[in-house]
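A.B. asks: My questions concern the predicted model and sequence given below.
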Amino acid sequence: MLTVCNFHYIRTNFEKPYPSIFGVTPIEFDNQIKELKKIGEFISIDQLVNNIDEILVDTKNHLLITFDDGLKEQFELALPILEKNNIEALFFINSMNYIEKKVSMVHKIHLVRSEINPNTILSEVNKVCAIERNELTSDEMIKAVKHYRYDDQQSAHLKYLLNFKLPKKDLELVINSLFETYFNEEEVVNSLYMTNNQLNYLAQKQMLGNHTHSHLALGLLNEVQIESEIFKTKSFIQSFQKNTNLAISYPYGSEEACQDPVTEIAKQLGHKIGFSMERGTNDKTANKLLLKRYSSNDLPGGKNYIE
Ligand SMILES: [Zn+2]
């Protein structure tokens, strides 16, 4: 069987005015590697792609580390720890960050929410969106406070509004407008995402994977768009190294984001292995184009793990 542990942000300090970026520190990462070693054996990328069937039927637990979103901090802070332990991993990148030098919407949301006062965000919502959409009903206010029980009332209402109530298009308008005002996109691209040298280093080791061009939920797009999203990043990876062991991680990884015909198109475009974010360990019944992963929080050494 195969247990996959996925990471996003790796940084020494997560302190922000309005903390909305979560991840692990290098010390926590190092510690989690030690804990994971107790429950299984790490596999190489070569084993993953060429012996996947044997690994899945094996009753022994095989382990794999993955990283989503191509963040520079993954290369600079996590890779040295992996190399010290002789562990290979897959780093899934979005080619838009490098080709168009644009920041993914998912990261814009994290940055805006962690740096900008909730009142400012709320007044931007009022400016940009139709009034009836941005007021919570009393029922929704109760739900919001219940759902975000660790936040104060105002933050809970705002999070509920942004995450559950605002239509996606409106949310993007609000975030883009705030992002343009408060951030310099070029600076964020340069500090947040890997350099070409770093990408090349990983490509030579077959450790670069496809996270699609612009980090959209593929299952909600039409076939032509899905193909284009997957193909652009595949070509970008192959511009560094002819990689025949292509793996893909579907952005957001939910059932909706991975629904038909997403995995079929990924397969047709030459991907042998695909990862969702459905939690679980993979055994002989697994679909190789839709392997389950755990968030690092849920595995031994992680923040939510209960023995
Ligand atoms: Zn992602």
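C.D. replies: Looks like it arrived, so ask away. Numbering: from 1, shown residues only.
A.B. asks: Smallest gap between the stretch 1-150 of the chain and the ion, at which residue?
C.D. replies: Here the stretch 1-150 of the chain gets closest to the ion at one residue, Asp68, 3.9 Å apart by Cβ to the ion. C-beta coordinates here come from the backbone N, C-alpha and C atoms, glycine included.
A.B. asks: was I right about that residue contacting Leu90?
C.D. replies: No - using Cβ atoms under 8 Å, Asp68 is not in contact with Leu90; the gap is 9.4 Å.
A.B. asks: just checking, next helix/strand downstream of the helix or strand encompassing Asn6?
C.D. replies: Assigned by DSSP states H and E, Asn6 belongs to strand 2-7. Next helix or strand after strand 2-7 toward the C-terminus (DSSP H and E): strand 9-10.
A.B. asks: how about that following strand, does it reach the ion?
C.D. replies: No - shown here: strand 9-10 not in contact with the ion (Cβ under 5 Å from the ion), separated by at least 11.0 Å.
A.B. asks: what separates that strand from the chain centre, distance-wise?
C.D. replies: Distance of strand 9-10 from its chain centroid, counting by Cα atoms, centre = their mean, to the nearest Å, is 11 Å.
A.B. asks: Show me what that strand is packed up against.
C.D. replies: Counting contacts by 3 or more Cβ pairs under 8 Å, 6 or more residues apart in numbering; DSSP states H and E, strand 9-10 packs against strand 23-24.
A.B. asks: Do me a favour and average the pLDDT over the strand it packs on.
C.D. replies: The average pLDDT within strand 23-24 is 93.
A.B. asks: Check which strands are paired with it and give the direction for each one.
C.D. replies: strand 9-10 (parallel) (DSSP bridges).
A.B. asks: neighbouring contacts of the partner strand?
C.D. replies: 21-26, 29, 67, 71, 73-74, 77-78 (Cβ atoms under 8 Å, 6 or more residues apart in numbering).
A.B. asks: can you list the residues of the stretch 51-200 of the chain near the ion?
C.D. replies: Asp68, Asp69.
A.B. asks: where along the chain do the strands fall?
C.D. replies: 2-7, 9-10, 23-24, 41-42, 62-68, 89-93, 208-210, 247-249, 273-275, 294-295 (DSSP state E).
A.B. asks: How far off centre is stretch 278-293?
C.D. replies: Using Cα atoms, centre = their mean, the offset of stretch 278-293 from its chain centre is 17 Å.
A.B. asks: swap in stretch 62-81?
C.D. replies: On Cα atoms, centre = their mean, the centre of stretch 62-81 falls 11 Å from that of its chain.
A.B. asks: And it, end to end?
C.D. replies: Length of stretch 62-81, first residue to last, Cα to Cα, to the nearest Å: 19 Å.
A.B. asks: Show me the shaky parts of the stretch 151-300 of the chain.
C.D. replies: For the stretch 151-300 of the chain, no stretch has pLDDT under 70.
A.B. asks: How about the residue of the stretch 1-150 of the chain closest to the ion: what's its closest non-neighbour residue?
C.D. replies: Phe92 (5.0 Å; Cβ to Cβ, 6 or more residues apart in numbering).
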